[in-house]
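# Coordinates for the following, if possible.
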Amino acid sequence: NCRPRDSYFDWYEGLLSLIREIALVGKPNLYGSCFGHNLIALALGGQIGLNLNNKYILEIEQLKTNKEFYDCFSSISPLENLNENYSVISTHEDCVLELPDTATLLGSTVHCENHLYITGKNRNILACQSHPEFNNFLQYAVMDRIWVSIVNKRKCLSAEEIAHSRQSFERYSTSDSTLL
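Numbers count the residues shown, from 1 in each chain. The predicted structure follows:
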């Protein structure tokens, strides 16, 4: 997680400064997923904390997009390729509780209101709480690695939450998940 208590890492402040500079200058483009999503918000004045339900999230969630999502992406993708809902792989204990003042919300899930946002001088920073990069590596990245750590070793989920999580992954289709 990237709540302020982690600031003892040598690289932490330097990374936050780099994010601020990229936002201020408006280039290069930057994408942050999960930890990066939270760091971007923190660097630019947002608030990070435990998920609102104080539980670890490990499941497929529905990302509901908004008008700003369409405004943002319609210039680079035909409107017929954009959806209102996307299936996303969520695995997180922390989330962005409050967006930076400069950010525009693009989409939300049940467990993370500020799930997808864009920010930066030239809207050059995109941040997403979930893991679109895992789509083609679901078994390896999630089930073989994260599941083992979160469920088997750390025991972060109850039996009911494990059953719910398994069901969500069994229903998952990567065709429901591609954003652009």
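# measure residue 117 to residue 32 for me?
Going from residue 117 to residue 32 by Cβ to Cβ, to the nearest Å gives 10 Å. C-beta coordinates here come from the backbone N, C-alpha and C atoms, glycine included.
# Compare neighbour counts for those two and give me the winner.
residue 117 (28 against 19; other Cβ atoms under 10 Å).
# Can you give me the neighbour number for the spatially closest residue to the more buried one that is not a sequence neighbour?
Nearest residue to residue 117, sequence neighbours excluded (Cβ to Cβ, 6 or more residues apart in numbering): residue 103, at 4.5 Å. If you count neighbours by other Cβ under 10 Å, residue 103 ends up with 23.
# From residue 37, how far off is residue 103?
11 Å.
# Verify the contact between residue 64 and residue 84 for me.
Yes. Residue 64 is in contact with residue 84 according to Cβ atoms under 8 Å; the separation is 6.5 Å.
# for the chain, what spans make up the helices?
Here the chain has its helices, by DSSP state H, at 12-25, 35-43, 67-73, 147, 159-171.
# one step back: surely the residue nearest to residue 117 and residue 118 touch.
Yes. Applying Cβ under 8 Å, one finds residue 103 in contact with residue 118, separated by 6.9 Å.
# Next, show the common contact partners of the two.
residue 127 (Cβ atoms under 8 Å, 6 or more residues apart in numbering).
# and residue 99, how far is that from residue 56?
Here the criterion is Cβ to Cβ. By it, residue 99 lies 22 Å from residue 56.
# Please enumerate the strands of the chain.
Using DSSP state E, the strands assigned to the chain run over residues 30-33, 47-50, 57-65, 85-92, 94-98, 104-108, 116-119, 125-128.
# Alpha carbons of the longest one, as PDB, please.
Extracted C-alpha coordinates of strand 57-65, given in PDB (Å, rounded to 0.1, in the frame of the first residue of the first chain):
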ATOM      1  CA  ILE A  57     -10.700  -6.700  -2.400                       C
ATOM      2  CA  LEU A  58      -9.900  -9.700  -4.700                       C
ATOM      3  CA  GLU A  59     -12.500 -10.100  -7.300                       C
ATOM      4  CA  ILE A  60     -13.800  -9.100 -10.700                       C
ATOM      5  CA  GLU A  61     -15.700  -5.900 -10.400                       C
ATOM      6  CA  GLN A  62     -17.800  -3.800 -12.800                       C
ATOM      7  CA  LEU A  63     -16.300  -0.500 -13.700                       C
ATOM      8  CA  LYS A  64     -19.100   2.000 -14.500                       C
ATOM      9  CA  THR A  65     -17.900   4.800 -16.700                       C
END
